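Visitor: How does the following fold in three dimensions:
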Amino acid sequence: MRIFTIKNKLPTILSILLLLFIWRMSSEIIASKIILPSPEATCKSLLILMKSENFFKIVLMTIKRGCIGFFLSCSLGLLIGLLTGSHLFLERLIEPILVVIKSTPIMSIIILALIWFKTEYVPIFVSFLVAFPIICVNVSEGIKSVDVKLLEMAKIYHVRKYRIILEIYLPAISRYFLAGVSTAMGIGWKAVIAAEVLSQPNFAIGTSLYNAKVYIETENVFAWTVIAVLLSFIFERAIRILEKKIMRWRG
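Guide: Below you'll find the predicted structure:
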């Protein structure tokens with residue numbers, strides 16, 4: 001079993017090693033730590049950042065902004081998705097709005113948010129607006145995927161509404177909802193950090209990235225980027241684990 005697990009992870013390990021090798025060789029060829037610092041210099045910078053006084057506050061504040069935006073988008077996306085999946089008129093009514101939101105460049109959303117809101121709320125708004133249409137459309141598709149024959153059978157046998165919701169609708173929606181959350185989270189973290197770079201709130205990964213760029217501390221730019229990638233990876237893995245548990249619950 002253990003050998004099988006290691007064998008499965010081997011391509012991923014090799015891919016990471018290959019990436020580090022290319023990075024190391026490129027930094028050797030360029031020979032300028034301002035343009036491309038080595039992996040060792042980035043690791044050293046990462047350790048220094050982790051020991052700094054405000055490191056965890058910076059990371060936690062970025063997570064907080066991202067999570068608030070995701071929570072709002074999940075709540076509203078779930079509600080609107082349920083309505084649009086159940087009513088064709090509402091779907092046609094909401095569809096053009098979702099298309100406009102999805103087609104608007106993230107930078108335009110950030111610039112407009114900078115005009116409308118205080119800097120602290122810009123990443124939250126951007127995170128919400130980027131994730132909302134993805135979750136809404138996925139939930140709507142989940143509702144449409146419900147087996148009509150099962151619903152008719154439940155109606156014939158007078159099955160209670162709460163059981164129809166729990167045993168027919170919820171299992172059908174959950175997979176689509178979690179797939180939407182997973183996709184939205186991947187895009188959302190990038191949007192949150194991009195919004196932080198431009199809005200410059202206190203204690204933010206984006207602000208730290210910008211400051212590192214201003215002072216030409218390229219190794220710090222790489223170190224904060226590594227932290228942002230790790231954050232995205234951790235949250236995506238958490239969603240995948242949750243998705244597997246729900247699939248097991250569905251049987």
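Visitor: which residues does the closest residue to Pro133 other than its chain neighbours contact?
Guide: Spatial nearest neighbour of Pro133, chain neighbours left out: Leu98 (4.3 Å); criterion: C-beta to C-beta, 6 or more residues apart in numbering. To be clear about C-beta, it is placed using only N, CA and C from the backbone, and glycine gets the same treatment. Taking C-beta atoms under 8 Å, 6 or more residues apart in numbering, we find Leu98 in contact with 133, 136-137.
Visitor: Report the buried members of the residues you listed.
Guide: In these, burial by neighbour count holds for 133, 136-137, counting by 16 or more other C-beta atoms under 10 Å.
Visitor: What segments of the protein are strands?
Guide: Listed from the start of the chain, the chain has no strands (DSSP state E) to report.
Visitor: ranges for the helices of it?
Guide: Counting by DSSP state H, one finds helices in the chain at the ranges 2-30, 39-51, 55-86, 88-103, 106-116, 122-144, 148-156, 161-164, 170-199, 205-214, 218-250.
Visitor: Out of those, indicate the one that is most buried.
Guide: Most buried of those by mean neighbour count (mean count of other C-beta atoms under 10 Å) is helix 122-144; its value is a mean of 25.
Visitor: Compute the inter-axis angle for that helix and helix 205-214.
Guide: Counting by axes from the mean of the first three to the mean of the last three C-alpha atoms, to 10 degrees, helix 122-144 lies at 130 degrees to helix 205-214.
Visitor: other SSEs contacting helix 122-144?
Guide: helix 55-86, helix 88-103, helix 106-116, helix 170-199 (3 or more C-beta pairs under 8 Å, 6 or more residues apart in numbering; DSSP states H and E).
Visitor: chain center to that helix, what's the gap?
Guide: 11 Å (C-alpha atoms, centre = their mean, to the nearest Å).
Visitor: Tell me what angle it forms with helix 106-116.
Guide: 120 degrees.
Visitor: Please report how far the closest residue to Gln200 other than its chain neighbours lies from Gly188.
Guide: Of all residues not flanking Gln200 in the chain, Thr207 sits nearest, at 5.1 Å (C-beta to C-beta, 6+ apart). Distance, Thr207 to Gly188, using C-beta to C-beta, to the nearest Å: 18 Å.
Visitor: Let me have the helices of the chain in CSV, adding mean pLDDT as columns.
Guide: As requested, the helices of the chain are arranged in CSV below (pLDDT from 0 to 100):
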stretch, mean pLDDT
helix 2-30, 83
helix 39-51, 93
helix 55-86, 92
helix 88-103, 92
helix 106-116, 92
helix 122-144, 92
helix 148-156, 82
helix 161-164, 80
helix 170-199, 87
helix 205-214, 93
helix 218-250, 85
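Visitor: Can you list phi and psi of His87 for me?
Guide: phi -130, psi 120 (degrees, to the nearest 10).
Visitor: Let's see the pLDDT reported for it.
Guide: For His87, the pLDDT comes out at 88.
Visitor: State the distance from it to Val148.
Guide: 15 Å.
Visitor: what's the answer for Ala184, then?
Guide: Ala184 sits 28 Å away from Val148, going by C-beta to C-beta.
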